[in-house]
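Participant: what follows is a predicted protein model with its sequence.
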Amino acid sequence: MKRIALLGMPNTGKSTLFNRLSGASARVGNWPGITVDLMSAKILIGGHIAELVDLPGLYDLHGFSDDEQVVRHFLANNSVDLVMIVLNSSQIDRQLSLALQIRALGLPALLLLNMQDEAKRSGISIDIDEMSRQLGLPVASISAKYGDGCPQALQLAARHLEHQRAPISASEISSKLEADTQLEQQMEHIVKQAVQMPLQLTDRLTERIDRVLLHPWLGLPLFFGAMYLLFQFIFTVGAPLQEGVAWLLDLIRSDVLEPLTASLPAWLHGLLLDGIYDGVGTVAAFVPIIVLFFLVMTMVEDSGYMSRAAFLMDALMARVGLDGRSFVMVLMGFGCNVPALMGTRVMRSRGMRLLTMMVIPLSLCSARLQVFVFMSAILFTTEQAPLVVFSMYLMSFVTIFLTALIFKGKMRSSEPFILEMPPYRFPTAKQIVLRGWLEVRHFLNRASKFIIFGVVMVWALTNFPSGVPAASEATYAGQIGQFFLPILEPIGIDAKLAIALIFGFVAKEIVVGALAVIYGLQGEALELLMAQQLDWVQGVSFMLFTLIYTPCLSTIATMRSESKSVGYTVLALGWSLLLAWVVSFIFYQSARALGF
Amino acid sequence: MLNLSQLQPGESAHIHAIHAEESLFHRLNAMGFRIGKKIELVRQASFGGPVHVRLGSTDIILRLTEANRIQIARA
C-alpha cells in the first residue's frame, strides 16, 4: 500500500484537509521512530487504497521543537511515497521554504496552496503553472474549508503516485536531513518570478477588528465581557434543553421501563433502573449543554481569537512565570484538560511546560461544569444559579494564578515567547458540526467506559451487604463515607457526598450520576430531596472541592505520560487535593462563623 | 542603532541584525525574520506586554525580551 504524508506549517488548514480527505475513517496509530500518536486514514486514490498520515504542524524541517523532531524522525524511519505539502497561500512568501526543504530531501512531493479565498481577498495572485515550473513539483490550488480543488488535487496525486520511480529509502532521507541551507535565495527568486503581492496587505477587516479587540485599555475588559456573554448564552439556551431531556427520561422510566421490568427480581430491577438508568440518564441530560459548549468553543478556537487572548494576557501571565500560550492552553482546558495537557508540547523549556501542566488541571472542564450546573440549580434561584457557576470560573482562574505563583520558583524558564497571529477566520457550518459530533462521540465513549462502570459500582456499594437499608450507614458506601468523615466533616461534606467525590476521582461525569444512585432518585424528586438535605454553604463547599481536586484519571495518566515523571505527577495530584481541602475549609468555616 | 522594541506603534524599519542563540535564531528565521526585511510595529500590549509586528504578510507577537534582540535601522 502507498503511503502519503500530509505536511505543513501550523494554521494552514492541514487538519481541515485531513478531515475532508479521510471522512470519519481516521484512527490513531503508532509509528516507528516516534513516541507520539499520529492520525492516519485509508483513502481511495486513483482506484487504489493509500494510507494518509497527518504529520504535526511545523515551521521548519530543521527546527528544534518536539513537533519538528517528530516529523524528522517520521521521515527518517518510515518510507513515504508522496508528501502533500499544505501551504497558506496568503503567506506563500514565507512558507515556501518548507516546500524547498522537502524537495531538497528528494522526497516525491505535491504542493497544495490552501486558503486561496483568503489570498484572493488580500490581493495576492499566484501563477500556479509558473510556480510549478520553477519548483519542478506539481502544484494545485485548493480550499480545504470549502472543498474547492480537492478532487483535482487528488487526481494529481494519483497520477504522480502511478508514474513514480522507486521511492527514496528512509535511510537516504535520514542522511540528507543532516545537511542543507542556501534555500533562501532560491525561495526569494521563485516568489519574485511567480507571485504578485501587494505591498500593503488589504486585509482591512482583521485590521479593524483588531483595533478594537486589542485596544490597550479596552482589550482585556472586552475579553472577559465576551467570555461572560458566551457563558450566558450556553447557560440560557442549554438549561431548558437539559430540563427537557431530564423530563423525557423521567417519562420513559415511569411509562415504559417500570411496567416492562415489573416482573424482574427486585435486585435486578434496582440495578437496571435505580443504578444504570438513573445514573446514566442524569448524566445524559447534560449532553445538550456539553454539545453547545463545544460548538461555541470551536468557533472561538477556529476564529483566530486565541492568539489574541495570548497577546492580551501575556504580561499578566509573565508575572506568575507563565506566558500567553499557557493562557491559551488553560482556555482549551475549559473543554477538556487532556488535549490541553498534550498541547503543551509546543513549549520547548521543560520548566515552562511543567508549570503549565501544573495549572491546567485547575481549569474548569466541561465535565465539572455539569456538576456545577446541577448543584447550583438545586440550591439557588434561577437568577442566582448562573452567577454561582460563573464565580466558579473566576475561582478557577484564582487557583491557577495562585498555583503558578507558588511553583514558579521551582519551574523556571527563559523560553522565548513568539507566536503567529493569523487573520480572523469564520469556521464553516460543516466544520462546527463535525467538531460537535466528535465531542458527542468522545462523551459517549467516556460514558460507556467510566460512567456505566461507575454508577454500577456506586449502586453495588450503596445496596450491599444485602439486608441493610439502601444507602444507609450500614452499607459499604456508608462505611467508606464514615471512614473519610473526620477529614470531610470540617468542610461540610456528608457521607453521601463523600461517595460521589470518591467516584469523581475516576471521572467528574460520574459525580452527578452517582448522586442520583446514592439518593435513589432522579429528575425533580432528586433535586427536591437534595435541597432538603443540604444547605447552600455545604453545596458551594462541595463545588469548590470538586473544582480543585484532580479532574479525572485520564488527566492524571496524561500528566504522567507527558511529564515522564511519577514524582511530578504525585506532586501535582497531592497539591490539588491539599488546595481543594484548604479552600473548602476556609470557605465553609468562615461562612458558618458568619452565621450562614 | 535601535532595537525593535524602541519603535512606536505604526512605525516601520528594516531588520539590521538578530542577536540570538542558534535555536532562537532558527525559529525567528523560519517565521520570516531576515536581515534587510521590512518590519512594522503594529501595537504593544498594555502593562509591558508583547509587541505585535508585521513582516510582509505575516503578523507575529513577541515579548520585549525577544524584541530587544532584534536591531533595526529606520527606513
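Facilitator: Here it is on my side, so go on.

Participant: ok, which residues in chain B are in contact with chain A?
Facilitator: B:23-24, B:26-32, B:34, B:42-50, B:52, B:55-63, B:65-66 (CB under 8 Å from any CB of the partner chain). Yep, even glycine has a C-beta here, placed from its N, CA and C like the rest.

Participant: which element, helix or strand, includes the nearest residue to residue A:44 once chain neighbours are set aside?
Facilitator: Of all residues not flanking residue A:44 in the chain, residue A:50 sits nearest, at 7.9 Å (CB to CB, 6 or more residues apart in numbering or on different chains). Assigning secondary structure by DSSP states H and E places residue A:50 in strand A:48-54.

Participant: average pLDDT for the helix or strand that that strand is followed by?
Facilitator: Next helix or strand after strand A:48-54 toward the C-terminus (DSSP H and E): helix A:66-77. In this model, helix A:66-77 has an average pLDDT of 81.

Participant: between helix A:66-77 and strand A:48-54, how many degrees?
Facilitator: Angle, helix A:66-77 to strand A:48-54, by axes from the mean of the first three to the mean of the last three CA atoms, to 10 degrees: 150 degrees.

Participant: for residue A:469, grab the count of nearby residues.
Facilitator: Residues near residue A:469, counting by other CB atoms under 10 Å in any protein chain shown, number 10.

Participant: quick one, what contacts the residue located most distally from the centre of chain B?
Facilitator: Distance to the chain centre peaks in chain B at residue B:47, reaching 18.7 Å (criterion: CA atoms, centre = their mean). Taking CB atoms under 8 Å, 6 or more residues apart in numbering or on different chains, we find residue B:47 in contact with A:315, A:316.

Participant: still on that earlier bit, so how many other residues sit close to the residue nearest to residue A:44?
Facilitator: What residue A:50 shows, counting by other CB under 10 Å, is a neighbour count of 19.

Participant: got the contact list for it?
Facilitator: Here residue A:50 is in contact with A:1, A:2, A:3, A:4, A:42, A:43, A:44, A:81, A:161 (criterion: CB under 8 Å, 6+ apart).

Participant: what would those residues look like in TSV with secondary structure?
Facilitator: Converted to TSV, those look like this (DSSP: H, G, I helix; E, B strand; the rest coil):
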residue	secondary structure
A:1	coil
A:2	strand
A:3	strand
A:4	strand
A:42	strand
A:43	strand
A:44	strand
A:81	coil
A:161	helix
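
Participant: about what we covered before: quick one: the residue farthest from the centre of chain B from residue A:316, how far?
Facilitator: 7 Å (CB to CB, to the nearest Å).

Participant: related to what we said a few turns ago, partner residues bridging the residue nearest to residue A:44?
Facilitator: residue A:2, residue A:43 (DSSP bridges).

Participant: got it, and the one 4 residues further on?
Facilitator: Each beta-bridge partner of residue A:54 is listed here: residue A:6, residue A:39, as defined by DSSP bridges.

Participant: neighbours around it, how many?
Facilitator: Neighbour tally, residue A:54, other CB under 10 Å: 21.

Participant: and the helices in chain B?
Facilitator: B:22-30, B:64-67 (DSSP state H).

Participant: any chance of those in JSON lines, plus mean neighbour count and mean pLDDT?
Facilitator: As requested, the helices of chain B are exported to JSON lines (neighbours: other CB atoms under 10 Å in any protein chain shown; pLDDT from 0 to 100):
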{"stretch": "helix B:22-30", "mean neighbour count": "17", "mean pLDDT": "81"}
{"stretch": "helix B:64-67", "mean neighbour count": "19", "mean pLDDT": "92"}
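
Participant: please name whichever of these is nearest to residue A:88.
Facilitator: The closest of those to residue A:88 is helix B:22-30. By CB to CB, the value is 13.9 Å.

Participant: just give me how far the closest one sits from the chain centre.
Facilitator: 13 Å (CA atoms, centre = their mean, to the nearest Å).

Participant: what is the orientation angle of that helix with helix A:66-77?
Facilitator: Going by the same axes, to 10 degrees, helix B:22-30 makes 90 degrees with helix A:66-77.

Participant: doesn't residue A:309 make contact with residue A:328?
Facilitator: Yes - assessed by CB atoms under 8 Å, residue A:328 is found in contact with residue A:309 at 6.3 Å.

Participant: more neighbours: which of the two?
Facilitator: residue A:328 (24 against 21).

Participant: and the more buried one, that one's in a helix?
Facilitator: Yes - Residue A:328: assigned to a helix according to three-state DSSP.

Participant: which ones are touching it?
Facilitator: So residue A:328 contacts A:306, A:307, A:309, A:310 (CB under 8 Å, 6+ apart).

Participant: so which residues make contact with the helix or strand of chain B with the lowest mean pLDDT?
Facilitator: Ranked by mean pLDDT, DSSP states H and E, the weakest helix or strand in chain B is helix B:22-30, scoring a mean of 81. Here helix B:22-30 makes contact (CB under 8 Å, 6+ apart) with A:59-60, A:62-64, A:97, A:348, A:416, A:418, B:18, B:20, B:66, B:69-70.

Participant: can I get it in PDB, CA atoms only?
Facilitator: This file holds the C-alpha atoms of helix B:22-30, laid out as PDB (Å, rounded to 0.1, in the frame of the first residue of the first chain):
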ATOM      1  CA  GLU B  22      21.100  29.300  17.400                       C
ATOM      2  CA  SER B  23      17.700  27.800  18.300                       C
ATOM      3  CA  LEU B  24      16.000  31.200  18.700                       C
ATOM      4  CA  PHE B  25      17.700  32.500  15.500                       C
ATOM      5  CA  HIS B  26      16.400  29.500  13.600                       C
ATOM      6  CA  ARG B  27      12.900  30.000  14.900                       C
ATOM      7  CA  LEU B  28      12.900  33.700  14.100                       C
ATOM      8  CA  ASN B  29      14.200  32.900  10.700                       C
ATOM      9  CA  ALA B  30      11.500  30.300  10.000                       C
END
